[in-house]
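**Q** Next comes the sequence, and after it the predicted model I'd like to discuss.
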Amino acid sequence: MKGIFISFEGPDGAGKTSVLKAVNQALSEQLGEDQVLLTREPGGDRIAEQIRDVLFDDQNTNMDPRTEALLFAAARRQHVVEDIEPALRAGKVVLSDRYVDSSVAYQGGGRHLGIDDIWELNEFAIHDLLPELTVYLDVPSEVGLKRIAQHRSDQVNRLDREKLAFHRRVRQAFLTLAKRHPHRIVVVDADVDLATVIQEVKQLIHSRFPSLLA
Ligand SMILES: Nc1ncnc2c1ncn2[C@@H]1O[C@H](COP(=O)(O)OP(=O)(O)OP(=O)(O)O)[C@@H](O)[C@H]1O
Ligand SMILES: Cc1cn([C@H]2C[C@H](O)[C@@H](COP(=O)(O)O)O2)c(=O)[nH]c1=O
């Protein structure tokens with residue numbers, strides 16, 4: 001495919017949405033808004049957004065972890081087919097707020113379902129479509145959760161509310177994935193001020209794709 005696929009990952013409150021906003025703006029100014037697709041998981045298209053509503057419904061506290069893993073993977077499949085692949089075929093830059101590594105970290109690590117089993121489940125969903133670059137924003141779990149509690153307490157979802165131990169397992173799984181895929185996943189220290197993180201991420205994207213953010 002002709003386009004460029006970049007995913008952004010991190011524990012809750014790492015700053016993905018804030019960094020993506022800045023990167024999307026800079027890329028849209030350079031390439032034109034129609035050449036950049038900013039999207040998110042779970043979600044993107046109508047069907048995946050409907051699955052997102054089921055996943056984050058506060059009444060669904062009894063959702064089985066495997067059901068949860070299957071729903072995230074199902075939403076991802078729809079997102080790949082309806083949004084990501086068409087945009088890449090059209091030569092666009094795709095920026096995705098979370099992708100397959102989130103399932104491996106949250107369901108594999110956080111929910112104890114196992115990194116390898118969740119990876120295998122998601123291989124069926126993504127059918128070899130991996131990002132060329134995954135920007136992993138790393139923060140201690142306490143820092144991310146504190147940011148959300150301080151600034152975004154009105155938008156807390158079912159997973160944000162999990163205990164600290166869950167979020168620590170999520171971070172450890174992300175770090176394990178970064179070790180397993182050192183070329184694709186680049187760890188960025190996000191426990192510094194936002195302007196510094198944005199600057200570092202822009203430099204990283206430019207160094208990997210010299211025509212971008214030149
Ligand atoms: N480097 C930073 N330093 C201080 N505050 C930050 C930093 N990055 C983001 N924030 C703040 O932390 C809060 C969460 O940031 P943001 O929504 O970008 O994180 P996120 O990774 O997208 O979270 P989630 O995965 O839960 O959606 C926001 O209020 C944001 O302004
Ligand atoms: C894709 C994906 C996401 N999650 C979790 C991670 C977060 O807690 C929420 C998404 O919230 P955001 O504010 O939109 O980042 O869902 C997950 O557990 N598994 C996944 O595959």
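**A** Yep, that arrived. Residues are numbered from 1 along each chain as shown. Ligands and ions are numbered 1, 2, ... in the order given.

**Q** now the strands for the chain?
**A** Using DSSP state E, the strands of the chain run over 4-9, 36-40, 93-97, 133-138, 185-189.

**Q** Would you point out which residue is most central in this structure?
**A** The centroid of the chain falls nearest to residue 98 when counting by Cα atoms, centre = their mean (1.2 Å).

**Q** Strand 133-138 and the helix or strand bottoming out on mean pLDDT in the chain, what's the angle between them?
**A** In the chain, no helix or strand scores lower on mean pLDDT, DSSP states H and E than helix 141-151, which sits at a mean of 92. Interaxial angle, helix 141-151 versus strand 133-138 (axes from the mean of the first three to the mean of the last three Cα atoms, to 10 degrees): 80 degrees.

**Q** Just confirm yes or no for helix 141-151 near ligand 2.
**A** No: counting by Cβ under 6 Å from any ligand atom, ligand 2 has no neighbours in helix 141-151; the shortest distance is 8.7 Å. Using the backbone N, CA and C atoms, a C-beta is placed for each residue, glycine as well.

**Q** and that helix with ligand 1, contact?
**A** Yes: using Cβ under 6 Å from any ligand atom, helix 141-151 reaches ligand 1 at 147-148, 151.

**Q** What's opposite the closest residue to residue 204 other than its chain neighbours in the beta bridge?
**A** Distance criterion Cβ to Cβ, 6 or more residues apart in numbering; nearest residue to residue 204, sequence neighbours excluded, is residue 186 at 5.9 Å. Beta bridges link residue 186 to residue 135 when assigned by DSSP bridges.
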